[in-house]
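> Using only what follows, build the 3D model:
(2 chains)
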Amino acid sequence: MIESIAQQPMLAALIALVGLGIIFGALLGYAAEKFKVEGDPIVEQIDELLPQTQCGQCGFPGCKPYAESIASGDAINKCPPGGQSTINAIASLLDVPAPELDAEHGEEADLKTVAFIREDECIGCTKCIQACPVDAILGAAKLMHTVIADECTGCDLCVEPCPVDCIDMLPIDHGLKQWHWPAPLKTADLIASDRVHQGDEGRAA
Amino acid sequence: MIKTWVTPGGVHPPENKHQSMTLPIGDLPIPERLLVPLSQHIGAPAVACVKVGEKVLKGQKIADATGPVSVPMHAPTSGSISAIEDRPIAHSSGMLAPCIEITSDGKDTWIDHQGIADFEHSSPQMLIKIIADAGIAGMGGAGFPSAIKLNPGHQRPIDTLIINATECEPYITADDSAIRERAAEIIEGIGILSHILGNPNNILLGIEDNKPEAIAALEPHVADTGISVVSFPTKYPSGGEKQLIYILTGNELASGSLPADAGIVCINIGTTYAIKRAVVNGEPLISRVTTMTGNACGINRNYETLIGTPVSHMLAHSNFNEAACSRLVMGGPMMGFSLTSADVPVVKTTNCILAPSYSEIPDDEPAQPCIRCGMCAEACPASLLPQQLFWYSQAQDHDRLEAHNLFDCIECGACSYVCPSNIPLVQHYRHSKGEILKARDEKVKSDHARERFEFHQQRMEQAERDKEAKRAARREAAEKAKANSATSTGAGSAADIIAAAQARATAKQVNPEQQRAKFERSIAGAEMRVTMAIEKLAEAASNQTDEQTNILNAAVESAKQKLEQAQVRLADHLEKHKELDSEQVK
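Reported below is the predicted structural model:
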């Protein structure tokens, strides 16, 4: 047997290569089973970057489904609550150019808002409770409802179903704690001749 | 001569300290209205404990500390509370914050107060409590509650106490003048700190060599106290906490670590004076030395200023020329911030009000492009790479900013000072720090929202599954019933139901044997009670009390009645069952 193989080098090479192929194939197959990654990690990473308002403005029922859709090739500029910073972050994650926010899905809000129920007007229909994606509304049938402001993501989904229009979206109070230094003016926005000489007008200018 | 170390970087801006040192510390007339902000320190704001219209005395507590990191506030003068509302405060944002307004009655009447003359015999815990109750927060600028600094826990013993008398910023002379005039009290204050910290091995008082008069004033008082006055070459920013610790000890604090981790406590010299007044004189922190300087003011000097004094009041007594003033700055020219209004009050951390003329501090020149000269990197006292931070800050690249240790930037402004392109580098860093903190905050919130959303989703699915299962069960039951009704007739099924009901009713009935046993037991019990009652009656009869005998007679009667009743019930039961038995026989 060995002699006949030795006499036919082609066959010997073939057997050796096929043998190696089988061994490494088995090894890879075992590794694939042993170190299997559950789910799609890129979806998790995109989901991490999305703002989790669960507002559905992108056309998907929540942030996770949109993340799944992005992973399978959807546009990354459909998230108004995240705005440009989220688009930039996803673009750098996926290594694609960052487009502008798609105006079709809404505009980036300047101020974050939370829902507020005018409690005197609430009739206790529970429709807003059912609409809330993060269970931030408390209440029971025929009893007054109220929003837990800390849990509210400001998604607006409760405003539409309210039959008596008693839900307002109020801007979050930006106190001293939330304040931080604004960005300095960009060089392009400012040339020396733009400035009024303040010495002539004093501090009042 | 004690060895000192040299920090990297640093700049030498014009000092401009002599202007305000020509006159001694002066007193201002008491302003008509004082405005005490509830948050003048790092930590939770105090909560007002007085009501509008209430009369208060000088030194009376008007706001309580809330939580562990907080300090109370005290009335700087006597008068009445005229408002508790949001007012503009000394903050770079120019925003409103809750303040207590006191309308002075002009009498300046102190509340009863008493200090401890011999603090050596008081426990450190008690002294720390006095300091906390006196509302003392670091007066160098950050406003960290001093009582917390002095109570670092027992993980690490404190072996070095550093007193920061550096006062490295140009123009400011508040500490310098206080040392010259109050050296004895300051040294006493340091003695109190040393006692609280268990007499650390090294007590170093760091001071720049541009204050020879102050050093001379301290020298006679430090003899035999163990305090070393260490002077070192003037350079901005030597007064930063980490910088000073390095200069005096050669100990470089790791990023994110506190001085206490290295066994060091660093306290501003103005704070030591306040601590002395609190402990020895029993006075809370209601005034401080503040420098009023700048060419737009006719009088440049230091004032003992009541906390809450409006800046406009200080200006009015300093020959202020508004037209000549380029801007009002609280703090020094390097790290201070412009005030949007002169009505804001002086707070516990206000060491200087600067009213410069246009030639002194001109308006910012427009920023030019960065030419990569690298001067900022040479000037940085924290050995950071300001240029790289600037790029990343513009690109909002938060990961790289953090990787380049943006949060180790002490915002001293040395890089902006040396920048030939006038780039406001520090403002970029401050903005980026704020953005990063905001992003962190939002990340926490969004993670929380994701969790809640996923739970909501799961709950909805579970509800849907339950509903589906119920529907299926109902469908199945209906089908079974249909099949049953197909096999048996309608009348038959009705008869079945009646029969089943009867079976249930008989099952409920008690076994007659058991019932009889129960009745017999009750008869036995009644008999026993009767005999006991009779015995008691016999005993009572020997005692010859009519009342008791009557009561016991009645008891015997009732026991006998109950026995009869029980017997009757048993008889009834037996009769009934005889009938039933005979019926069954039939």
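
> Please name the spatially closest residue to the closest residue to chain A within the stretch 401-550 of chain B (chain neighbours excluded).
Scanning the stretch 401-550 of chain B for proximity to chain A using C-beta to the nearest C-beta identifies B:Gly434 as nearest, at 2.3 Å. (Glycine included, C-beta is placed from N, CA and C.) On the basis of C-beta to C-beta, 6 or more residues apart in numbering or on different chains, the spatially nearest residue to B:Gly434 that is not a chain neighbour turns out to be A:His180, at 2.3 Å.

> Kindly report the same for A:Leu157.
For A:Leu157, ignoring the flanking residues on the chain, the nearest one in space by C-beta to C-beta, 6+ apart is A:Ala131 at 4.8 Å.

> what does B:Cys99 give?
For B:Cys99, ignoring the flanking residues on the chain, the nearest one in space by C-beta to C-beta, 6+ apart is B:Arg87 at 4.3 Å.

> Quick check: the one you found vs B:Val311, distance?
Distance of B:Arg87 to B:Val311, computed by C-beta to C-beta, to the nearest Å: 13 Å.

> So these two - more neighbours on which side?
In this view B:Arg87 and B:Val311 are compared by other C-beta atoms under 10 Å in any protein chain shown, and B:Val311 has more residues nearby, 24 against 19.

> give the contact list for the residue lying closest to that one once chain neighbours are set aside.
Sequence neighbours aside, B:Ala342 is the residue nearest to B:Val311 in space, at 5.0 Å (criterion: C-beta to C-beta, 6+ apart). With contacts taken as C-beta atoms under 8 Å, 6 or more residues apart in numbering or on different chains, B:Ala342 has the following neighbours: B:Pro310, B:Val311, B:Ser312, B:Leu315, B:Leu328.

> Wasn't B:Ala342 part of a helix?
No: the assignment for B:Ala342 (DSSP: H, G, I helix; E, B strand; the rest coil) gives coil, which keeps it out of a helix.

> any idea how far it is from B:Thr349?
Noted for B:Ala342: a distance of 18 Å to B:Thr349, by C-beta to C-beta.

> Output the below-cut-off pLDDT ranges for chain A.
Counting by pLDDT under 70, chain A has low-confidence residues at A:39, A:186-205.

> can you give me the strands in it?
Assigned strands in chain A, in chain order: A:113-117, A:137-138, A:146-147, A:167-171 (criterion: DSSP state E).

> export the ones you listed to TSV and tack on distance to B:Glu411?
As requested, those are exported to TSV (distance: least, C-beta to C-beta, whole Å):
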stretch	distance to B:Glu411
strand A:113-117	32
strand A:137-138	42
strand A:146-147	38
strand A:167-171	29
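
> of all those strands, which lies closest to B:Gly263?
Comparing the strands of chain A by their distance to B:Gly263 (C-beta to C-beta), the top pick is strand A:113-117, with 46.3 Å.

> orientation of that closest one relative to strand A:167-171 in degrees?
Strand A:113-117 runs at 140 degrees relative to strand A:167-171, counting by axes from the mean of the first three to the mean of the last three C-alpha atoms, to 10 degrees.

> can you pull the buried residues of strand A:113-117?
For strand A:113-117, the neighbour count (16 or more other C-beta atoms under 10 Å in any protein chain shown) marks A:Thr113, A:Val114, A:Ala115, A:Ile117 as buried.

> mind giving me the domain ranges of chain A?
The record, using automatic domain parsing to delimit domains, assigns chain A the ranges A:2-34, A:41-105, A:111-173.

> Select, out of those domains, the one closest to B:Val6.
Using C-beta to C-beta, the domains of chain A put domain A:41-105 closest to B:Val6, at 41.2 Å.

> Tell me if the closest one is near chain B.
Yes: residues of domain A:41-105 contacting chain B under C-beta under 8 Å from any C-beta of the partner chain: A:Asp47, A:Leu50, A:Pro51, A:Gln52, A:Thr53, A:Gln54, A:Gly62, A:Cys63, A:Lys64, A:Ser85, A:Asn88.

> Name the nearest of the residues you listed relative to chain B.
Nearest to chain B out of the residues of domain A:41-105 next to chain B is A:Gln52 (C-beta to the nearest C-beta; 3.8 Å).

> Give me the neighbour count for the closest one.
Residues within reach of A:Gln52, counting by other C-beta under 10 Å, total 29.

> which residues sit in contact with it?
The contact partners of A:Gln52, by C-beta under 8 Å, 6+ apart, come to A:Cys63, A:Thr153, B:Lys445, B:Ser446, B:Asp447, B:Ala449, B:Arg450, B:Phe453.

> Keep only those of these that are in strands.
With strands taken from DSSP E, there is no overlap with those.

> the longest helix in chain A is where?
Scanning chain A for the helix with the most residues, using DSSP state H, yields helix A:9-34.

> still on that earlier bit, tell me if I'm right that the residue nearest to B:Gly434 and B:Ile436 touch.
No: using C-beta atoms under 8 Å, A:His180 makes no contact with B:Ile436, being 9.4 Å away.

> Name the residue in those two with the higher neighbour count.
When neighbours are counted by other C-beta under 10 Å, B:Ile436 comes out ahead of the other of A:His180 and B:Ile436, with 19 against 16.

> Quick one: list the elements packing against the helix or strand containing B:Ile267.
Taking DSSP states H and E as the definition, B:Ile267 sits inside strand B:264-268. For strand B:264-268, the elements it packs on are helix B:146-149, strand B:160-164, helix B:174-196, helix B:241-249, judged by 3 or more C-beta pairs under 8 Å, 6 or more residues apart in numbering or on different chains; DSSP states H and E.

> which other residues reach the second one?
With C-beta under 8 Å, 6+ apart as the contact definition, strand B:160-164 has outside contacts at B:140, B:190, B:193-194, B:197, B:200-206, B:227, B:239, B:241, B:244-245, B:248-249, B:259, B:263-269, B:272.
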